[in-house]
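Visitor: Just need the structure, nothing else, for what follows:
(one chain, ligands or ions: 1)
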Amino acid sequence: MLDMKFIRENAGAVKHAVEVKGVPLDIDELLRLDRELVDLKQRVEAMQAERNANAKLVPKATPEERPTLIQKGKDLAEEIKNLDPALRAHEDNLRQLLLRVPNIPHASVPVGKDDSENVELRREGRRPEFDFTPRDQVELLEGQGWSDFERVARVSGSRSYLLKGEGALLEMAVQMFAMSFLAGRGFTPLSTTALVRPETLVNSGHFPGDEESVYKLEGDELMLAGTAEVPVNSLYAGEQLSADQLPMAFSAISGAFRREAGSAGRDVRGLIRVHEFRKVEQYVICRADEQEGLKWFETLLGNAEAILQALELPYRVVQNCTGDMGAGKVLMYDIETWVPSEAKYRETHSCSYLGDWQARRTGLRYRDEHGKLVYAHTLNNTGIATPRILVPLLENHQRADGTIHVPEALRPYLGGKAVLGQP
Ligand SMILES: Nc1ncnc2c1ncn2[C@@H]1O[C@H](COS(=O)(=O)NC(=O)[C@@H](N)CO)[C@@H](O)[C@H]1O
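Guide: This is a model prediction of the structure:
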């Protein structure tokens, strides 16, 4: 959410953001509503001033004048009270529109319609050349008896998964490695719930807009978040932080639930796109300073790259264009990891800097060095998300006999094994 004063003074920039991000919003309508609300508030203030002035006259008035003055005070009070519902309705309408106003993209963001116009920045790591016919994720998993997609589909329907034996241990090893790695880089580990109150999804910026992606629990005032970004972003909602509490950097592991309503037919096999997965999320609250925010952006991106390099996985970094970055982002890079069976790089991480857009919705403020109350800046990036990352991990590290090479970094979490599976 942007500050209404900023929107009044930068209507052109806001309209440009609306256009390049493809957000269906009429900023002139918003500005009209804002002016009407300002006028209404001024009318109420004038009436209150008149009522106060009138009340001061009563004690000095003669007995003849007094009844009229008292009646006038009552009439004014009545008029002000009658305006209240209109004032509330106006404020509500304006807030609903404000929640949809997109953030201003960073000058470096390429203008584009959708992910086809994202820009590849660089590739890292060497893609494997197999001297045997490589298997895909499902063949590798089922060949080792590490999953049983048919059986779990009977229990949980489509886009579900179950990992068995060393397959299950590999998933947890990856999670533990990422959590230990980030703790080693000073990120406070959190293990958190995905059960959230609906307002936390408005705070994070997922609502309005993403309603159809979120599981809602019938009869409970709770929903299932699709990322730990949601609960962690609201941990300090509405609070006044002190400057010396910032920056806060968390690595939060949680379940993540997504209805994938818009993905019919895509990635229906295996581990790429499932309804429930587990993610280690990097989340930062820092001071309201773009230079510091961009430094944290590089840090979050660097952490994810270091994790992928430790997993010995080839990947590329792409910059998201304006049409593929979502309303709240100032800057967004995706990391896509090589999937041999698709001969494609597939998104495994998403790194975002949101300025104060998310903090304003969440009420995350701190007193800066001038004693002024300002909204903080927030960022997030995937640390690792399983089971999706297992797809490149298994496929890139498969050996001719269907066993899996274990990267050094994971061995401490797998009893020191260098190879997983049976030939
Ligand atoms: N349906 C899904 N199944 C498996 N993994 C998923 C699914 N949806 C997303 N992911 C994983 O979660 C990562 C982050 O998801 S994201 O929506 O792009 N971004 C976020 O959630 C941010 N909070 C950064 O993590 C994705 O890059 C992907 O690796």
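
Visitor: Would you enumerate the residues in contact with the residue nearest to Pro105 when sequence neighbours are not counted?
Guide: Here the nearest residue to Pro105 in space, its sequence neighbours aside, is Thr322; by CB to CB, 6 or more residues apart in numbering that works out to 5.4 Å. From N, CA and C alone the C-beta is placed, and that goes for glycine too. For Thr322, the contacting residues are Ala17, Val20, Lys21, Gly22, Pro105, Val109, Pro110, Val111, Gly112, by CB atoms under 8 Å, 6 or more residues apart in numbering.

Visitor: could you flag which of those residues are buried?
Guide: Buried by 16 or more other CB atoms under 10 Å: Ala17, Val20, Lys21, Pro105, Val109, Pro110, Gly112, out of the contacts of Thr322.

Visitor: So which of the contacts of Thr322 sit within helices?
Guide: The helices, defined by DSSP state H, take in Ala17, Val20 from these.

Visitor: Dump the contacts of Thr322 to TSV, plus pLDDT and distance to Gln309.
Guide: Formatted as TSV, these follow (pLDDT from 0 to 100; distance: CB to CB, whole Å):
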residue	pLDDT	distance to Gln309
Ala17	98	35
Val20	98	33
Lys21	98	32
Gly22	97	35
Pro105	98	29
Val109	98	26
Pro110	98	26
Val111	98	31
Gly112	98	28
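
Visitor: Out of the contacts of Thr322, flag the one nearest to Pro387.
Guide: Nearest to Pro387 out of these is Gly112 (CB to CB; 30.0 Å).

Visitor: and the closest one, what does it touch?
Guide: When contacts are counted by CB under 8 Å, 6+ apart, Gly112 touches Asn118, Cys321, Thr322, Gly323, Asp324.

Visitor: Now, the residues you listed that are in helices?
Guide: Per DSSP H, the contacts of Gly112 never map to helices.

Visitor: of all those, which two lie farthest apart?
Guide: Between any two of the contacts of Gly112 (CB to CB), the greatest distance is 10.3 Å, for Asn118 and Thr322.

Visitor: and the residue lying closest to Leu76 once chain neighbours are set aside, how many residues sit next to it?
Guide: Nearest residue to Leu76, sequence neighbours excluded (CB to CB, 6+ apart): Arg51, at 4.1 Å. Using other CB atoms under 10 Å, Arg51 is surrounded by 17 other residues.

Visitor: mind listing what Arg51 touches?
Guide: Neighbouring residues of Arg51 by CB under 8 Å, 6+ apart: Gly73, Leu76, Ala77, Ile80.

Visitor: try Ala243
Guide: With contact taken as CB under 8 Å, 6+ apart, Ala243 is in contact with Arg287, Tyr366, Arg367, Asp368, Glu369.

Visitor: Between Asn118 and Thr322, which contacts overlap?
Guide: Pro110, Gly112.

Visitor: who in the stretch 301-423 of the chain is up against the ligand?
Guide: Contacts of the stretch 301-423 of the chain with the ligand, taken as CB under 6 Å from any ligand atom, map to Glu347, Thr348, His349, Ser350, Asn380, Asn381, Thr382, Ala385, Arg388.

Visitor: swap the cut-off to 5 Å and go again
Guide: Glu347, Thr348, Ser350, Asn380, Thr382, Ala385, Arg388 (CB under 5 Å from any ligand atom).

Visitor: among those, which are in strands?
Guide: Applying DSSP state E to those, the entries found in strands are Glu347, Thr348, Ser350, Asn380, Thr382, Ala385.

Visitor: dump the residue contacts of the closest residue to Arg126 other than its chain neighbours.
Guide: Spatial nearest neighbour of Arg126, excluding adjacent residues (CB to CB, 6+ apart): Pro314 at 6.1 Å. Counting by CB under 8 Å, 6+ apart, Pro314 touches Arg123, Glu124, Gly125, Arg126, Arg127, Pro128, Thr337, Trp338, Asn396.

Visitor: Per-residue pLDDT of Pro314, please?
Guide: Per-residue confidence at Pro314 stands at 98 (pLDDT).

Visitor: For the stretch 251-400 of the chain, which segments are assigned as helices?
Guide: Along the stretch 251-400 of the chain, the stretches classed as helices by DSSP state H, counting those that start in this stretch are 290-310, 357-362, 390-396.

Visitor: Out of the ones you listed, which is closest to Lys41?
Guide: Of the helices of the stretch 251-400 of the chain, the one closest to Lys41 (CB to CB) turns out to be helix 357-362, at 20.4 Å.

Visitor: What parts of the stretch 101-250 of the chain come near the ligand?
Guide: Thr227, Glu229.

Visitor: Minimum distance to the ligand, which residue of the stretch 1-150 of the chain gives it?
Guide: Residue nearest to the ligand within the stretch 1-150 of the chain (CB to the nearest ligand atom): Asp115, separated by 11.2 Å.

Visitor: Verify the stated contact: that residue with Asp324.
Guide: Yes - the pair Asp115 / Asp324 is scored as a contact, 4.5 Å apart, by CB atoms under 8 Å.

Visitor: Those two: which has the busier surroundings?
Guide: Neighbours per residue (other CB under 10 Å) separate Asp115 from Asp324, with Asp324 holding more: 21 against 14.

Visitor: and the gap between that one and Glu117?
Guide: Using CB to CB, to the nearest Å, we find Asp324 at a distance of 7 Å from Glu117.

Visitor: thinking again about what came up before, out of the contacts of Arg51, which are buried?
Guide: Buried among the contacts of Arg51 by 16+ other CB under 10 Å: Gly73, Leu76, Ile80.

Visitor: In JSON lines, list those along with distance to the ligand.
Guide: Below are these laid out as JSON lines (distance: CB to the nearest ligand atom, whole Å):
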{"residue": "Gly73", "distance to the ligand": "55"}
{"residue": "Leu76", "distance to the ligand": "51"}
{"residue": "Ile80", "distance to the ligand": "45"}
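
Visitor: So which of those residues belong to helices?
Guide: Gly73, Leu76, Ile80.

Visitor: which one of the contacts of Arg51 is nearest Leu170?
Guide: Of the contacts of Arg51, the one sitting nearest to Leu170 (CB to CB) turns out to be Ile80, at 66.8 Å.

Visitor: count of neighbours near the nearest residue to that closest one once chain neighbours are set aside?
Guide: Nearest-residue entry for Ile80: Met47, 5.3 Å, with adjacent residues in sequence omitted and distances by CB to CB, 6+ apart. Met47: 15 surrounding residues under other CB under 10 Å.

Visitor: was I right about Met47 contacting Glu78?
Guide: No - the pair Met47 and Glu78 fails to qualify as a contact (CB under 8 Å) at a distance of 10.4 Å.
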